[in-house]
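*Asks:* The sequence isn't on hand, but the structure is:
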């Protein structure tokens, strides 16, 4: 597709060498195509292959799309560098040049190691610039790039203008992080864009579909639950922006990110259920979307999943803390109406019990015809489910829109007290009518071979699940011998699968509730068999009473001699094993002669009828929206009719661009939406939010103060005042001032955090090493282990934290545990308390930290409210300290002293020192030389880390300790502890 004039103008602006800038483009206007064309033309003007780094590009679909786009522009290759790429291979790719997509963490590590030839890099392209904030990985990369490269370009791109309008001067903060000054804004209402897209408008037909009464009631109930949840969130955070916390804004998926940013940056105290409330809003918004896109059975299935996950735990018991919205009357209304959309239960009338005689083993001769038919109905073979449902008694749809089921002819798998409703989505019937209208127009139209379009009908929907459902509905067998409408055929099949899956889920839950107790054994399916052992004869008798003869296999469809398992013993293991065994069973049990007879010879014409290519002029294609890939799809299919089953702002603009790029194409677009629904409101809200965001950005750009550090392109002249460290000369005892950059040795694995970025921005020289002890080494005496709150909790529970702190105390005089709150609330309870979880609370974590400091008295704990506060604390700790030596630090933890074989070294003062030159405490020398006896001593009852050193000073060896009397042990370690130890040492183990 040729570029439109506004796209060509954007590329020309970006190609100007001095125009380092941020491009913010409205969605659907071809951002990916603009970036790829810019890269292509930049390489062509340069004449030689250039090294261009593409950053912040998500792996997967978006990256593959850019690769395909570049390949279609003349075979330009896009190489991807990830953490799995070897270091030597990365260095080779950097030197070779080309366009490289590099993950942020890999680029950070390579920049620290000087692997990237920054001086040879022509420029950096930053994707999804709305995600860049201070501090971030991208900010660190840009800073290092500008320190060594003063001529390379910096281009940033985004199509999410709304995310630049939340917070205090977010656009200015992004420009400061990217060190660029210019902003290129291209909204949909830009004069040039309006002129290019409105020259030829598509033939548009708006189809407003009304919601059913049940759907309206459920939608209103979901609105009530969302409003109550939002109000609860407002009460918990009084300092947030009230205007942005409304029901209208909560319908937009971006609300989660904006709300989370406001909540965690609001300061002040908040309740511990903040994360749960935000999750509830996301759940309710998802329910609202499913109500409008999914069928009634799938919606009920989703509600059942919410019951299983949010109301009950995996064992099937009711949770102690349930989401607040589930306790509202509106929530009960959602569940009850959703069930009535599918089926209605009636009170069973009293009927005489029917006694059925079970067949004796001698009378049993395989499965009966009725049972075979029932199994076939319950698990229909491909191509026969519709006929089975027709034969089961579901007749035509009456005038009230509900199916009519004859009680006498209902399928056996439907409970007798159940009346099927199976409400159909209102859009389905409108879709069928629209397809019929399009086919009639194609049939009546005169052939126009000069028109560059086909007779393809394209149906676009929101996601793949809706796409599969519509395909099933459209491809239902219209010529089948059934009086059922297509919608009823699909709905009955969905309900049949729903009942089967629900039964299996209930059986799995029942098995999970059965936990083995002492003295009880689990059966083959993992559940506990609490019944008394019975003889084989009694077991056969019980099987006979149940109507199934013992030790006799039933015949299944296909002739396979496979035992039919009872439904009440299904478990996760059973289902997985059954699914894995199906191909083997089918291949093993099929008669070879029968297999040969199933192979037919096709001539060429017959083969084309079965397997030939379908003419694209005679097909209906249903597919979900795919972002920028939809533009390529339109060019390949060239459809004449497009049915937008659900509205999508980006795709509407892609249709406009496609039509104006192909003057000879005539497209008729059907735009479907539910009238007065959340779907319509969400679409209008998205348009209005984008327009308001661009207007605000235009005003902010006009009054914005240009950051000086972004203007100074040669480097970081603004950071001329470096931190001055005071070092002491150990030999002479004097003090001297050093004006070089302060040094901190950092563990390579810490490049995923953002603290290193803050330290680098404040003039600290970072020396990356793979550390065995600690995360940051500030001096030969100070080691710091950094822990975020989640990492602190997990390492505390797993026991890793004690070992890490103990190792730091072994090698360093001042071990420090840094608790990093990462810009969130400076309150421990806000991170460990949750109204919706049963995990550890604040007091449990504090108690463990107290025990840790009691066990390790020299350990110091630093609580840091932010990364900038941490950098300030590090600067204070480094005052009057020597700089760490990387050559010595990298030996820490790699070797152990082995007593007399390798004696400890001493410094000028006669103190024992380790590899770092730091003094090693006396108890470590004792531990290093007597490690095994000390471990045995600590394993004895009554001996702990508080008294074992005292015992070692009073007793020569373990033998002397074992010969002491109870009174002597009581004097040594206390009466109770001494009595316990004496009893243990003098216990007679020879008698039973």
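*Replies:* Cool, the structure landed. Computed from a prediction, not measured in an experiment: that's the story for all the values here.
*Asks:* buried sites along stretch 799-815?
*Replies:* 801-802, 804-805, 807-815 (16 or more other CB atoms under 10 Å). C-beta coordinates here come from the backbone N, C-alpha and C atoms, glycine included.
*Asks:* Which members of these occur in helices, if any?
*Replies:* 801-802, 804-805, 807-811 (DSSP state H).
*Asks:* tell me which of those is nearest to residue 161?
*Replies:* Using CB to CB, residue 801 comes nearest to residue 161 of these, at 44.0 Å.
*Asks:* export the ones in helices among the buried residues of stretch 799-815 to JSON lines and tack on distance to residue 297 and pLDDT?
*Replies:* JSON lines is the format used below for those (distance: CB to CB, whole Å; pLDDT from 0 to 100):
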{"residue": "801", "distance to residue 297": "49", "pLDDT": "88"}
{"residue": "802", "distance to residue 297": "53", "pLDDT": "86"}
{"residue": "804", "distance to residue 297": "52", "pLDDT": "87"}
{"residue": "805", "distance to residue 297": "55", "pLDDT": "90"}
{"residue": "807", "distance to residue 297": "58", "pLDDT": "83"}
{"residue": "808", "distance to residue 297": "58", "pLDDT": "89"}
{"residue": "809", "distance to residue 297": "62", "pLDDT": "85"}
{"residue": "810", "distance to residue 297": "63", "pLDDT": "80"}
{"residue": "811", "distance to residue 297": "63", "pLDDT": "85"}
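*Asks:* how about residue 660, what does it touch?
*Replies:* 4, 196-197, 199-200 (CB atoms under 8 Å, 6 or more residues apart in numbering).
*Asks:* Buried ones from those, can you make that a ChimeraX selection?
*Replies:* Buried residues among those (16+ other CB under 10 Å), as a ChimeraX selection:
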select :4,196,197
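*Asks:* Counting only helices, which of the contacts of residue 660 make the cut?
*Replies:* Those of the contacts of residue 660 lying in helices (DSSP H): 196-197.
*Asks:* could you pull out the strands for the stretch 601-750 of the chain?
*Replies:* Using DSSP state E, counting those that start in this stretch, the strands found in the stretch 601-750 of the chain span residues 620-624, 641-644, 668-674, 725-728, 735-738, 743-747.
*Asks:* and these, which one's lowest on average pLDDT?
*Replies:* Least confident of the strands of the stretch 601-750 of the chain, judged by mean pLDDT, is strand 725-728 with a mean of 41.
*Asks:* Give me the longest helix you can find in this structure.
*Replies:* helix 486-513.
*Asks:* In that helix, which of the residues would be classed as buried?
*Replies:* Buried-residue list, helix 486-513, by 16+ other CB under 10 Å: 486-496, 498-499, 504, 507-508, 511-512.
*Asks:* what mean pLDDT would you report for it?
*Replies:* 82.
*Asks:* Which one of the contacts of residue 660 is nearest to residue 224?
*Replies:* Using CB to CB, these come closest to residue 224 at residue 197, 40.0 Å.
*Asks:* mind listing what that closest one touches?
*Replies:* Counting by CB under 8 Å, 6+ apart, residue 197 has contacts 4, 188, 653, 656-657, 660.
*Asks:* switch the cut-off to 10 Å
*Replies:* The contact partners of residue 197, by CB atoms under 10 Å, 6 or more residues apart in numbering, come to 4, 6, 28-29, 188, 190, 653, 655-657, 659-660.
*Asks:* What segments of the stretch 651-800 of the chain are helices?
*Replies:* 678-703, 708-711, 755-761, 789-798, 800-811 (DSSP state H, counting those that start in this stretch).
*Asks:* Need the winner for burial among those helices.
*Replies:* helix 755-761 (a mean of 23; mean count of other CB atoms under 10 Å).
*Asks:* who does that helix touch, helix- and strand-wise?
*Replies:* helix 104-112, helix 137-148, strand 743-747, strand 765-769, strand 776-779, helix 867-877 (3 or more CB pairs under 10 Å, 6 or more residues apart in numbering; DSSP states H and E).
*Asks:* Touching, residue 326 and residue 312? I think so.
*Replies:* No. At 11.3 Å, residue 326 does not count as touching residue 312 under the criterion of CB atoms under 10 Å.
*Asks:* Make JSON lines out of the helices of the stretch 651-800 of the chain and add distance to residue 872.
*Replies:* Listed next are the helices of the stretch 651-800 of the chain as JSON lines, based on distance: least, CB to CB, whole Å:
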{"stretch": "helix 678-703", "distance to residue 872": "31"}
{"stretch": "helix 708-711", "distance to residue 872": "20"}
{"stretch": "helix 755-761", "distance to residue 872": "10"}
{"stretch": "helix 789-798", "distance to residue 872": "20"}
{"stretch": "helix 800-811", "distance to residue 872": "22"}
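*Asks:* ok, so what distance separates residue 338 from residue 296?
*Replies:* Residue 338 sits 7 Å away from residue 296, going by CB to CB, to the nearest Å.
*Asks:* and for these two, which residues touch both?
*Replies:* With CB under 10 Å, 6+ apart as the test, residue 338 and residue 296 both reach 214-215, 423.
*Asks:* wait, which of the strands of the stretch 601-750 of the chain is closest to residue 46?
*Replies:* strand 743-747 (36.4 Å).
*Asks:* sorry, back to before: list residues touching both of residue 326 and residue 312?
*Replies:* With CB under 10 Å, 6+ apart, residue 326 and residue 312 have common neighbours residue 319.
*Asks:* Comparing the two, which shows the higher neighbour count?
*Replies:* Neighbour count, other CB atoms under 10 Å: between residue 326 and residue 312, residue 326 has more, with 18 against 14.
*Asks:* who touches the more buried one in this structure?
*Replies:* 225, 280, 283, 306-307, 310-311, 319, 332, 334-335.
*Asks:* mind redoing it with 8 Å?
*Replies:* Counting by CB under 8 Å, 6+ apart, the residues that residue 326 touches are 310-311.
*Asks:* Now distance to residue 59 too, for the ones in helices among the buried residues of stretch 799-815, in a markdown table please.
*Replies:* Shown next, in a markdown table, are these (distance: CB to CB, whole Å):
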| residue | distance to residue 59 |
| --- | --- |
| 801 | 32 |
| 802 | 37 |
| 804 | 32 |
| 805 | 36 |
| 807 | 36 |
| 808 | 36 |
| 809 | 41 |
| 810 | 41 |
| 811 | 39 |
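*Asks:* and of those, the nearest to residue 759?
*Replies:* Closest to residue 759, out of all of those and judged by CB to CB, is residue 808, at 19.4 Å.
*Asks:* Can you tell me the closest non-neighbouring residue to that closest one?
*Replies:* Distance criterion CB to CB, 6 or more residues apart in numbering; nearest residue to residue 808, sequence neighbours excluded, is residue 815 at 3.5 Å.
*Asks:* so the one you found makes contact with residue 781?
*Replies:* No. Assessed by CB atoms under 8 Å, residue 815 is found out of contact with residue 781, at 9.8 Å.
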